[in-house]
Structure formats: structure tokens, C-alpha cells
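**Student:** I'll drop the sequence and a predicted model, then ask my questions.
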Amino acid sequence: MIKKDGWDARPLLRRPEDGELIDVAGVAHFFRLTGEHTGGRFAFEEFTLAPGIVGARPHVHEGHDEYFYVLDGELTLHDGDGEVTVGPGNLLSAVRGTPHGFRNAGTETARALCLYTPAGYEGYFREVHAAVAAGAEVTDELLAEFRSRYRTASY
């Protein structure tokens with residue numbers, strides 16, 4: 001095993017079924033790579049969103065950047081000034097300090113990729129999932145509490 005900065009530095013092949021599924025408030029987050037796989041450099045997920053589901057209310061990250069790439073269906077993206085609906089092939093770059101959010105206002109399931117750099121925000125989804133599994137209701141207050149742990153605030 002080749003170690004570099006405390007993690008296995010060899011290439012890592014992830015098969016289609018390899019990943020961590022975290023279902024949060026109607027969004028299926030399938031983390032293909034987490035900070036544990038990348039030495040904290042980035043996390044990579046594929047997510048699906050049924051019609052009518054809000055993926056993330058507008059918010060701002062101060063500790064990481066996010067990049068969204070639409071694969072199927074349509075996402076309505078909040079860009080700080082308003083919303084725009086986009087389909088496959090569109091990419092949204094939400095670097096630190098930029099307000100963003102997304103929802104599925106369409107009639108078909110949306111599927112997209114999201115890259116987080118550096119890694120770590122996957123912990124937010126784990127914490128919200130655990131709270132909901134324990135009986136907590138997803139409220140703006142609950143989300144704000146968990147977001148604050150990851151240098152993120154509502155917009």
C-alpha cells in the first residue's frame with residue numbers, strides 16, 4: 001500500500017454500485033468518493049431529486065466550493081439573484097461565498113453530479129440523515145443548526 005499524507009495514494013476504481021447512499025429530505029445523495037477516499041481533497045456524489053422536491057434552499061458556504069453538473073431532467077438553480085431552469089450538460093459553479101440552491105420544478109426526476117472541494121460537507125448530510133432517522137423533523141432551524149457546523153449559512 002502506497003501512503004501519501006496518511007491515505008492510500010494508488011488509483012481507486014469505484015464500480016457503479018460503490019458508494020455511500022445518504023437519503024435526506026427527498027434527495028438521494030450517492031457519495032461515490034468522500035474525504036476518506038481522497039485524503040480530504042474533495043468529495044464526489046451523484047444525486048437524484050424527484051419532481052417537486054427542494055434539494056437545497058438558498059445558502060452560502062464559507063468552507064468549501066460546490067460544482068453541480070446536470071445529467072438528466074431539469075434543475076431549477078438559485079444563483080443569488082433569481083432562478084434559472086437548466087437541463088443536461090449545464091454546470092453551476094458555486095464557489096465559497098456565493099449564494100446558491102436548487103430544486104426540481106420539473107415533471108421528471110432530475111439526476112446530477114456534485115463535486116465538493118475540499119471534502120467534509122458529506123458530514124452534514126450524514127448528520128441530518130441521522131437526526132431524521134432518530135425522529136427529528138426537517139425544519140429551517142434544524143438545517144441551520146447543522147449547516148453552521150460546516151461554515152454554511154442560509155441566504
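**Tutor:** The structure has been received and is ready for your questions.
**Student:** now do the closest residue in space to Ala94 that isn't next to it in sequence against Leu13, distance only.
**Tutor:** Leaving aside its sequence neighbours, Ala94 sits nearest to His100 (Cβ to Cβ, 6 or more residues apart in numbering; 3.9 Å). For glycine as for every other residue, the C-beta is placed from the backbone atoms N, C-alpha and C. His100 is 31 Å from Leu13, where distance means Cβ to Cβ, to the nearest Å.
**Student:** more neighbours, these two?
**Tutor:** His100 (20 against 6; other Cβ atoms under 10 Å).
**Student:** show me what the more buried one bridges to in the sheet.
**Tutor:** Bridge pairing for His100 (DSSP bridges) gives the partners His59.
**Student:** please apply the same query to the one 10 residues further on.
**Tutor:** The residues listed as beta-bridge partners of Ala110 by DSSP bridges are Leu49.
**Student:** could you count how many residues lie near it?
**Tutor:** Ala110, neighbours per other Cβ under 10 Å, totals 27.
**Student:** for the chain, what spans make up the strands?
**Tutor:** Remark: strands assigned in the chain by DSSP state E are 3-4, 7-8, 20-24, 27-33, 43-49, 54-61, 65-72, 75-78, 83-86, 91-94, 100-103, 110-117, 152-154.
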